[in-house]
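Asks: Need coordinates for the following:
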Amino acid sequence: MRKLVMFAGLLLGLQSCNNPVKQEANARPEEALQLDTLRLALDWTPNVLHSGIFYAESQNWFREAGIHLIWDTPERDNYTKKPIFRLLEGEVDLAVGPSEHLFAFAADSAQVHAQAVASILQSDRSAFVAKKSSGINRPADISNATYLGYHTPLEEHILKAMIEYDGAEAKFGTETPDRLQVWDAFRKDSGEVAWVFLHWEAMQSELAEDSLNAFIPNEYGVPYGYSSVIMAPKNLDASQTKLIRRFLDICRKAYRESQDKPDVVLDAILDHIQHPNFVDHVFIRQAFADIRPHFGASRWGVMSDQKWSDYAQWLESRGLNDLKGHESTEFYSNEFLESK
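Replies: Model (predicted):
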């Protein structure tokens, strides 16, 4: 989208964002001048959800395709700014986040400003969880519990709907630690319920023999959308569109290899990523095995019209979002995944 013109400034930016990739993985200054720079904001701290991106980077596939990829995570500012806001304000070219962020933040009465161009997962791997020791065995039991939230749109409404679907009145309280501290607060019993990824936080608990009960929204009356989509601006010129297509082609190849050569892929990632999240190789291998089937290798990235429509209709039926007069089809596109 933009040619890199000042490598020194770029390097400073990478350091300030605490990007954990080895320095040698980045393009050399003279080479970077010939590449198209693509800035990506991840949705969370580095984890196996992002494995296709990390693997492609470890194999230099982005660089070979003429892309100088710069990615960072919410750690850069302790998650004070959502990735979608960074996208809407032009700080990044792509961002990862849940589909409801597009409905909530990416439109006004005049136009839609951002869209999903691919889904990392084909099935949702997020769930509300409670420790088995808490006595919470179903959503109805959450009625009077304390939920540790992220201060994001819809999370309390989704939990409320699940409790009501299970036959109880939702009277839970909510506390909001810093977003990156929610899991630590949950583990320290600051609250009974949290919304987490099954492949990550829930797997940490499983390996620590601290069992959880998990409640997936889709199983309790909420036709939840996509927990992890790659988002881009709505208005793109021809060169930007081509660059995003190139990026997604590489991602698709990498995520497919995670199905065909899982050990090779994971070994490469573990050698490549220098971040505290990837120190425990036993945990990482378990987490990777858990999430890998949900990448949907043969259909990686492709989004379902029905899923977007059902989620939008559910939101409207509960008075949570009128989409500001826009159709749900305006918020996503599979066209970037088509070969041109």
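
Asks: Contacts only, for residue 131.
Replies: 192, 205, 210, 211, 212, 213 (CB atoms under 8 Å, 6 or more residues apart in numbering). In this view, the C-beta of every residue, glycine as well, is placed from N, C-alpha and C.

Asks: now swap in residue 132 and tell me
Replies: Counting by CB under 8 Å, 6+ apart, residue 132 has contacts 211, 212, 213.

Asks: is it possible to export the residues you listed to CSV including neighbour count and distance to residue 251?
Replies: Converted to CSV, these look like this (neighbours: other CB atoms under 10 Å; distance: CB to CB, whole Å):
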residue, neighbour count, distance to residue 251
211, 12, 34
212, 24, 30
213, 19, 33
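
Asks: Looking at the residues you listed, spot the one nearest residue 73.
Replies: Of all the contacts of residue 132, residue 73 sits closest to residue 212, with 24.3 Å by CB to CB.

Asks: pLDDT score assigned to the closest one?
Replies: Residue 212 is assigned 96 on the pLDDT scale.

Asks: Identify each buried residue in the strand or helix carrying residue 52, please.
Replies: Assigned by DSSP states H and E, residue 52 belongs to helix 51-58. Residues 51, 52, 53, 54, 55, 56, 57, 58 are the ones in helix 51-58 that count as buried (16 or more other CB atoms under 10 Å).

Asks: Please, which helix or strand holds the nearest residue to the fourth one once chain neighbours are set aside?
Replies: Read that as residue 54. Distance criterion CB to CB, 6 or more residues apart in numbering; nearest residue to residue 54, sequence neighbours excluded, is residue 269 at 4.8 Å. Following DSSP H and E, one finds residue 269 within helix 262-272.

Asks: related to what we said a few turns ago, so after the helix holding residue 52, what's the next helix or strand?
Replies: helix 61-64.

Asks: Confirm residue 39 sits in a strand?
Replies: Yes - counting by DSSP: H, G, I helix; E, B strand; the rest coil, residue 39 falls inside a strand.

Asks: That one and residue 95: what is the separation?
Replies: 9 Å (CB to CB, to the nearest Å).

Asks: same question, residue 146
Replies: In terms of CB to CB, residue 146 sits 30 Å off from residue 95.

Asks: higher neighbour count, these two?
Replies: residue 95 (25 against 16; other CB atoms under 10 Å).

Asks: so how far is the helix holding residue 52 from its chain's centroid?
Replies: Averaging C-alpha positions (CA atoms, centre = their mean, to the nearest Å) puts helix 51-58 15 Å from its chain's average.

Asks: Of the contacts of residue 131, just say which sits nearest to residue 333.
Replies: Comparing the contacts of residue 131 against residue 333 with CB to CB places residue 212 closest, at 35.8 Å.

Asks: is it true that the closest one touches residue 202?
Replies: Yes - between residue 212 and residue 202 there is a contact under CB atoms under 8 Å: 5.5 Å.

Asks: so who does the residue nearest the centre of the chain touch?
Replies: Central residue of the chain (CA atoms, centre = their mean): residue 228, 3.7 Å from the mean position. For residue 228, the contact set (CB under 8 Å, 6+ apart) comprises 43, 49, 96, 97, 98, 119, 120, 121.

Asks: Select from those the one having the most neighbours.
Replies: Neighbour max across these (other CB under 10 Å) = residue 119, 28 neighbours.

Asks: Okay, that one and residue 231: tell me how far apart.
Replies: Counting by CB to CB, the gap from residue 119 to residue 231 is 11 Å.

Asks: Then residue 121?
Replies: Relative to residue 231, and taking CB to CB, residue 121 is found at 14 Å.

Asks: Likewise for residue 265?
Replies: 25 Å.

Asks: next one: residue 66
Replies: According to CB to CB, residue 66 stands 22 Å off from residue 231.

Asks: For those two, work out which one has more neighbours and name it.
Replies: residue 231 (28 against 11).

Asks: so who does the more buried one touch?
Replies: By CB under 8 Å, 6+ apart, the residues touching residue 231 are 83-84, 87, 94-97, 101-102, 106, 114-117.

Asks: Now secondary structure, pLDDT and distance to residue 167 too, for these, in CSV please.
Replies: CSV is the format used below for those (DSSP: H, G, I helix; E, B strand; the rest coil; pLDDT from 0 to 100; distance: CB to CB, whole Å):
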residue, secondary structure, pLDDT, distance to residue 167
83, helix, 97, 36
84, helix, 97, 35
87, helix, 98, 40
94, strand, 98, 42
95, strand, 98, 38
96, strand, 98, 35
97, strand, 96, 32
101, helix, 95, 30
102, helix, 96, 32
106, coil, 96, 35
114, strand, 98, 38
115, strand, 98, 37
116, strand, 98, 34
117, strand, 98, 39
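
Asks: No further queries at this time; thank you.
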